[in-house]
Each structure stands twice: as structure tokens, then as C-alpha cells.
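Participant: Give me the fold of what follows.
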Amino acid sequence: MDVLKFAIRKLLGGIPLILGVTFIAFLLMVYFGPDLTYEKLGKNPTPEEIAEIRHQLGYDQPFLTRYGTYLKQLVTLDFGYADIRDLKVSDILKETMPVSLHLIIPGFILGNVIAVILALIAAYHRSSWVDKLIMTGSVIGMSISFLIVIIVFQLIFSSSYGLGWFPVRGWEVYDADGGIIWLEYLKYVTVPTLATVFVALGYNTRFYRAVLVEEMTKDHVRTAKAFGHGTKALLFKGVLKNAMVPIITRVMFSIPLVVVSGSLLIESYFGIPGVGKVTYDAILAGDQNILKAIVGLTAVLFVIVLLLTDILYRVFDPRVELK
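Facilitator: Residues are numbered from 1 along each chain as shown. From the prediction side, this is the model:
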């Protein structure tokens, strides 16, 4: 019951965040975004034709009226029809969201799990050659552009110049009923996952190691060592558990960024029909309906992540109170 009350308070408290993000984004799209009036008209349009198109697009309405309509669309999840495809935006999102989730989840999970393991090993062997080797690899992963990593991995694993083990582009992983063909899925998801994990390991491992090393220097750890507890037992049973709050924070708050920016780059490069590819096409075409939907839903996702993060704090650390 307390968790439910906390969740309701947190969701209500997130409303100002959603309003702020959507207002600024809508303001930028209205005053600095593309004007589709003349793209929908032929050459030498008459003033009457221009006025009619602007009315159809809603450009002749006051700003606050248009913003209120946008908020209504966000609540009802009805963002009208897309310009890049003759479908409702909600139908496009229903079609593309599962694709993005199936694409991103393996790399996201592996990137964090492996990073925690490497950070534990580095912290346990602090200042040794093992620690320096892991940190050197992390710096290399951080210093290389994600796009360069994608290109290199595609050349190595997908092209005829490399191993040619996996498809170069596309996403033919579903059967006629919409189910996953697992063998095909593994073929198409492997290279994007490897690229995601390679880049994620650099940033995540350095952060998790810093958190673990800081926890190892605290008084309760030194006291436990003085009473004869082994470093390995302390590292896994005490240090890691106490370090879960910053680890959870990094994992949870990277979810919206990974879903939006990571999938956009991977999907646009590999030609995968997910939310990222649709967003990329919408940016090029100036499709405001899709962009408004993505921005609004991302803001809502941040609020949900805030809620889940606070609840997970309580799960891993009973000292944290739900307020």
C-alpha cells in the first residue's frame, strides 16, 4: 500500500517535468521546426490555397491552443497521421517499438552485467596489471566513436571483406504470425549487440569500478577486514550490495538515452525498422507528428524511470525510505 501511494505521488510529481520538457520541445518545433505548408502545395500557390493548408496543419491556431492539443494527444496517445507513412502515429509506434526493444535489450543487459563483473575484478586487483589492463580497455572503448565501432564491426562480421557471418542490413526475424524466428533473430541482432556492448563497457566499467573502489575505502569495510573477513567475500557480499544505489541510478537513467539515441544510430545504419529509424526518417522529412510523439513519450519514460529507480533503491537498501 505504501509503495502504491508513493508511486501515485511520484507520478503526480513528475507532471511538471513532463509539462516542462514537452513545452520547450513544442516551442522549438513550432518556431524553429520545418514549415510543411509549401511542401504540400504545388508551384505558385494562391493565398487561398496557402491559408487552407495552414488551417489543415493547425498553423493558424494560437500557440497555447496548439500546445493544449498536443497534451491531449499525449494523454490519448492519438498523434494523428504521419507524413512519412500513410498510417497513424500510434500504429507506427506499436509496430516499431517491439523491434527496438528486441534490438536494444541484449546489448543493454550484457553491457551492464559484463561491466559490473569487470569492475569487480578490477577493484579486487586494484593497482595490479589486471586492473590496468581492464581500465586501458575501458579507455579505448570510450575514446572510439560509436559510429566508427558500428562500421568496423559490420566490416569484420558482415561484409565480404571480413568474415561475412551475419546479414549486412535488414531485420527479417518475424514469422507470418509476428513470432520471433530465433535463429534469424540471433543472426540480425549479433553485430548491433557486439557494437553496443563494446562501447557501453568503456563507460560502464570505469564508473562501476570507481563506485566499488570508493565503497571499499569506507570505515565499515576496513573494520570488517580488521576482524578477518576476506577481501573477496567483502567485495561480493558487502561492497557490491552497498554500491547498488549508484549502479541502479546509472542503469535506470541510461534506459531512455539508449532507447532514443542508441537505437536511432544503430537502426538508421543497419536499416532496422524500429523507433530509431522512424525518428531518423521523421527528422529528415520534418514529420512533426512523429517527433512530438517521440519527445512526449520520452518525457513520460523519464518519469517512469524516476519512479522505478526510487523503488529499487528501497529494494536493495532498506535504509532508503519511500517519501
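
Participant: Where does pLDDT dip in the stretch 201-323 of the chain?
Facilitator: 219-238, 257-262, 314-323 (pLDDT under 70).

Participant: Now do the helices in it.
Facilitator: 219-226, 231-234, 240-242, 244-257, 263-270, 275-285, 288-316 (DSSP state H, counting those that start in this stretch).

Participant: neighbouring contacts of the fifth one?
Facilitator: When contacts are taken as Cβ atoms under 8 Å, 6 or more residues apart in numbering, the neighbours of helix 263-270 outside the stretch itself are 99-100, 103-104, 146-147, 150-151, 154, 168-171, 191-192, 195-196, 272-277, 279-280. (Glycine included, C-beta is placed from N, CA and C.)

Participant: Out of those residues, which sit inside strands?
Facilitator: Judged by DSSP state E, the contacts of helix 263-270 include no members of strands.

Participant: ok, of these, which come out buried?
Facilitator: Among these, those buried by neighbour count (16 or more other Cβ atoms under 10 Å) are 99-100, 103-104, 146, 150, 154, 171, 191-192, 195-196, 272-277, 279-280.

Participant: if we can go back for a sec, adding distance to residue 23, write the helices of the stretch 201-323 of the chain out as a markdown table.
Facilitator: Putting those into a markdown table (distance: least, Cβ to Cβ, whole Å) gives the following:
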| stretch | distance to residue 23 |
| --- | --- |
| helix 219-226 | 46 |
| helix 231-234 | 49 |
| helix 240-242 | 39 |
| helix 244-257 | 18 |
| helix 263-270 | 23 |
| helix 275-285 | 20 |
| helix 288-316 | 10 |
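
Participant: do you know which of the ones you listed lies nearest residue 60?
Facilitator: helix 288-316 (15.2 Å; Cβ to Cβ).

Participant: Could you tell me which residues within the closest one count as buried?
Facilitator: 288-300, 302-307, 309-313.

Participant: Next: stretch 93-111.
Facilitator: Neighbour-count burial for stretch 93-111 [16+ other Cβ under 10 Å]: 93, 96, 99, 100, 102, 103, 104, 106, 107, 108, 110, 111.

Participant: Please identify which pair of those residues lies farthest apart.
Facilitator: 93 and 110 (25.9 Å).

Participant: Residue 166 falls within a helix, correct?
Facilitator: No - counting by DSSP: H, G, I helix; E, B strand; the rest coil, residue 166 is not found in a helix; it is coil.

Participant: doesn't residue 292 make contact with residue 26?
Facilitator: Yes - using Cβ atoms under 8 Å, residue 26 makes contact with residue 292 at a distance of 6.8 Å.

Participant: between the two, what contacts are shared?
Facilitator: Counting by Cβ under 8 Å, 6+ apart, the residues touching both residue 26 and residue 292 are residue 70.

Participant: and the residue lying closest to residue 271 once chain neighbours are set aside, what are its phi and psi?
Facilitator: For residue 271, ignoring the flanking residues on the chain, the nearest one in space by Cβ to Cβ, 6 or more residues apart in numbering is residue 169 at 4.1 Å. Backbone torsions of residue 169, given as degrees, to the nearest 10, read phi -140, psi 170.

Participant: Alright, I will stop here.
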